[in-house]
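Visitor: fold the following for me, if possible:
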Amino acid sequence: MKKQFVICVLLMSFQFLNAAIIESVGWLETFYVRWNKEACAAKYNVYYRGAGASAWTKIDDQLIREYNDHFRADVLGLKAGTYEVRVVLVNGGTEGNSMTATGIQVSAHERTGFAFMSGVVPGAYKADGTLKDNAQIIYITDQNKNTVNFAVKTASNGSTTASAGVGAIVKSIEKGYEDRPIVFRFIGKVTDVGMSNLDGGDITIKDNSKTATNYLTFEGVGNDATIYGFGFKTARASNLEIRNLGIMLTNSTEGDNVGINTNSKHIWIHNNDMFYGNPGSDADQVKGDGTTDIKASTNITVSYNHYWDNGKVHLLGNSSSETPGFITYHHNWYDHSDSRHPRARLHNAHVYNNYYDGVHTYGMGACMASSIFSERNYFRNTNRPMTISMQGSDDGTFSKEDGGMIKAFDNFLDANSKKKYTPWSSSNNVDFDAYEVSSATTTVPTTVKAKQGGATFNNNIFSNYPSYTSQNDSAKIREQVKKYAGRVAGGDFTFTFNNSSDDGSKDINTALKTQLQNYASKLVKVQDAGTGGSVTCPVTSSSSTTTPSSSSLVQSSSSSLQSSSSADPTPITNNSLLATSHSQPTYYSLKGEPLGNAKPTKAGIYIFKQGYSIQKIVVR
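Guide: Numbers count the residues shown, from 1 in each chain. The predicted structure is shown next:
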């Protein structure tokens, strides 16, 4: 007797799901994916893999965040390359349907400048963008800033001390025994309100250089990570990276968004949005004090930051007793900021590929025997783009200190910028603003001296420097800076300056200040670890039973097909299946993966489609 097997097919009446990937965008060693909310998901799991890889890697739950009308996940710590991402709906702890995006292009950060001298790579990431071995990750939100726990090594035998709160964790690292790379990842808007263990209103990184392998990164997740009301400062710090943060209305005794002090070295500050600080006590501190100041330190790179109408941007050196250091500034966007880009005393600075955009007071200035190499920068309507103390375009308002020296190569100055700039020439060898050279490697003659103080250019700045910039297209440089300076994809803060009025003003921009004061995060919540619980799906179903002939489908004495129970909450959700007709019967996994025309033999739930008809079957 030929065996007949009953096949019970669940005919679904269902709603089209809201869940769909809105966008997936690759950036610098990261990418993000956004998708619509789904009523049938209690939470989501997100996986990624690189081109050619077979295994998927699951990201941390904290990287998945809910906003008013969508979810977003950011995948960090990636090598340059092509990636795909899978977003999986989870209900009752069980993974269900998924959405996939492919062909996501990720680019590398530009790791150049003096911070990387001697092969050092500051921060907790390797040169290829992935995390260093044994790196520890600490997630910081406004809710857990005082309670997040981490066991810091605080003794030579490796024993640890439990520290609660980001400030306490950083203070424990000061003991000098922590030898693991650590990443502090800020999520959403984190304020100084009620924040414990701040040092004069700042997070202070101090003395971590006692342990050579202690590499620290402070970074933001996504485009909206913002620290509000506090900043960073260092003392005897090393191997430090600060990136992808919006720093707003810093209110500290130091007064800087980021202050690098007291024999710090190998520090990389990049891809941040730098906004106003709170007003200081002096008349020239209405926009805050310094923005990224460096004192008595060396081997620092400041790159790809967006400075929003800041008053005093880069003080480099603060006294005549400092040992000259080596600092790089590249690909920063000085967006209507006023002065100090940088203002250099004693130190040696390489300033290249920056965009000076409507700068009011002056661009870069050299005094007290400092040496600045200005290479391939773009100046738009910049007053005194390059100036040396007490000569040339300096009318005494820049500095009354002795002069330094500026070597200039292949900078672009628009017509308005040229009005306040006079280079050295044989007929003007005293009151000049910079000595222009015909190639990057050309030295400045020792006969070229500052008018006051007689300083000459330090032609030995680059004796061990890895390379000069090869970017020489001024328009492309400007567009690259505008695209990549600041946080991921330009950040979540938008403001448009009016060039006709803002170019000529150093006053505080009241509209910008008001917008900063009213800034609120659009983050709803960060996904918790765990199963996420269960939700009831808006799905109705009816079932019918058919008895096919022996030739229909594939029969097996060891398996039967029957309907899933009405308690099964898993709907048919892959919208791409609904959009096309299949003349041949085709089977899919619940994740939408095509399995072929033959009925699966492995027990499980599958989708069966023929024509525009979709059915859900269970193989047991």
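
Visitor: what's the closest non-adjacent residue to K287?
Guide: G311 (3.6 Å; C-beta to C-beta, 6 or more residues apart in numbering). All C-beta atoms are positioned from the backbone trio N, CA, C, and that covers glycine.

Visitor: pretty sure that neighbour is in contact with G280, am I right?
Guide: No: between G311 and G280 there is no contact under C-beta atoms under 8 Å: 9.5 Å.

Visitor: now the common contact residues for these two.
Guide: Common neighbours of G311 and G280, counting by C-beta atoms under 8 Å, 6 or more residues apart in numbering, are G288.

Visitor: gap between the host helix or strand of W35 and the chain center?
Guide: Taking DSSP states H and E as the criterion, W35 maps to strand 30-36. Relative to the centre of its chain, strand 30-36 is centred 14 Å away, using C-alpha atoms, centre = their mean, to the nearest Å.

Visitor: A475: neighbour count?
Guide: By other C-beta atoms under 10 Å, 9 other residues sit near A475.

Visitor: show me what contacts it?
Guide: Applying C-beta under 8 Å, 6+ apart, no residues qualify as near A475.

Visitor: SS state for it?
Guide: helix (DSSP: H, G, I helix; E, B strand; the rest coil).

Visitor: and the one 4 residues further on, by the same measure?
Guide: The assignment at E479 comes out as helix when based on three-state DSSP.

Visitor: number of nearby residues for it?
Guide: Neighbours around E479, by other C-beta under 10 Å: 13.

Visitor: how close does it get to F31?
Guide: Here E479 is placed at a distance of 21 Å from F31 (C-beta to C-beta, to the nearest Å).

Visitor: now swap in S370 and tell me
Guide: Per C-beta to C-beta, S370 is found 40 Å from F31.

Visitor: which one's more surrounded, these two?
Guide: S370 (31 against 24).

Visitor: right, and the more buried one touches S320 too?
Guide: No: look at S370 against S320 with C-beta under 8 Å: they stay out of range, at 11.3 Å.

Visitor: between those two, what contacts are shared?
Guide: Shared contacts of S370 and S320, counting by C-beta under 8 Å, 6+ apart, come down to R345, L346.

Visitor: may I have the strand holding W35 as PDB, with CA atoms only?
Guide: What follows is strand 30-36 as a C-alpha-only set of coordinates in PDB (Å, rounded to 0.1, in the frame of the first residue of the first chain):
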ATOM      1  CA  THR A  30      32.500  52.100  10.300                       C
ATOM      2  CA  PHE A  31      29.100  51.800   8.600                       C
ATOM      3  CA  TYR A  32      25.600  52.300   9.800                       C
ATOM      4  CA  VAL A  33      22.200  50.800   8.800                       C
ATOM      5  CA  ARG A  34      18.800  52.300   9.500                       C
ATOM      6  CA  TRP A  35      15.500  50.400   9.300                       C
ATOM      7  CA  ASN A  36      11.800  51.000  10.000                       C
END
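
Visitor: check contacts around Y67.
Guide: Counted by C-beta under 8 Å, 6+ apart, Y67 has contacts K522, L523, V524.

Visitor: tell me what the second one is bridged to.
Guide: Under the criterion DSSP bridges, L523 forms beta bridges with Y67.

Visitor: for it, give its distance to R72.
Guide: Taken as C-beta to C-beta, the span from L523 to R72 is 9 Å.

Visitor: please enumerate the shared neighbours of the two.
Guide: By C-beta under 8 Å, 6+ apart, the residues touching both L523 and R72 are R65.

Visitor: can you check the pLDDT for D207?
Guide: Looking at D207, its pLDDT is 83.

Visitor: same check, this time on A168
Guide: At A168, pLDDT is 97.

Visitor: tell me how this structure divides into domains.
Guide: Here the domain parsing of the chain from automatic domain parsing is 7-13+544-619, 21-108, 111-279, 304-504.

Visitor: rewinding a little: mind listing what's buried along the strand holding W35?
Guide: T30, F31, Y32, V33, R34, W35 (16 or more other C-beta atoms under 10 Å).

Visitor: which elements pack onto that strand?
Guide: When contacts are defined as 3 or more C-beta pairs under 8 Å, 6 or more residues apart in numbering; DSSP states H and E, strand 30-36 sits against strand 21-26, strand 70-76, strand 81-91, strand 94-106.

Visitor: out of these, nearest to G176?
Guide: Set against G176 and scored by C-beta to C-beta, the helices and strands packed on strand 30-36 come closest in strand 70-76, at 27.7 Å.

Visitor: for the closest one, which strands pair with it and how are they oriented?
Guide: strand 30-36 (antiparallel), strand 64-67 (antiparallel).

Visitor: wait, what's in contact with F275?
Guide: Contact analysis of F275 by C-beta under 8 Å, 6+ apart lists G246, I247, M248, L249, N257, W308, N310, F493, L516.

Visitor: what are the bridge partners for the third one, then?
Guide: It stands for M248. According to DSSP bridges, beta-bridge pairing links M248 with Y228.

Visitor: hang on, isn't it packed against D224?
Guide: No: the pair formed by M248 and D224 falls short of the contact definition of C-beta under 8 Å, at 11.7 Å.

Visitor: these two - which one has more neighbours?
Guide: M248 (25 against 22).

Visitor: local confidence estimate at the more buried one?
Guide: 97.

Visitor: do the same with K419
Guide: K419 is given a pLDDT of 96.

Visitor: give me the pLDDT for the closest residue to N499 other than its chain neighbours.
Guide: Distance criterion C-beta to C-beta, 6+ apart; nearest residue to N499, sequence neighbours excluded, is G358 at 5.8 Å. pLDDT, G358: 97.

Visitor: how close does G358 sit to F184?
Guide: 34 Å.

Visitor: thought S297 was touching G259?
Guide: No: at 10.0 Å, S297 does not count as touching G259 under the criterion of C-beta under 8 Å.

Visitor: can you pull the residues that touch both of those two?
Guide: T234.

Visitor: still on that earlier bit, nearest to P324, out of the helices and strands packed on strand 30-36?
Guide: strand 70-76 (35.9 Å).

Visitor: when G311 and G280 are compared, which one has more neighbours?
Guide: G311 (25 against 17).

Visitor: that one: what's it in contact with?
Guide: So G311 contacts D284, Q285, V286, K287, G288, T291, S337, D338, S339, K506 (C-beta under 8 Å, 6+ apart).

Visitor: want to throw the contacts of F275 into CSV with distance to G158?
Guide: Listed next are the contacts of F275 as CSV, based on distance: C-beta to C-beta, whole Å:
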residue, distance to G158
G246, 37
I247, 34
M248, 39
L249, 40
N257, 35
W308, 44
N310, 43
F493, 43
L516, 44
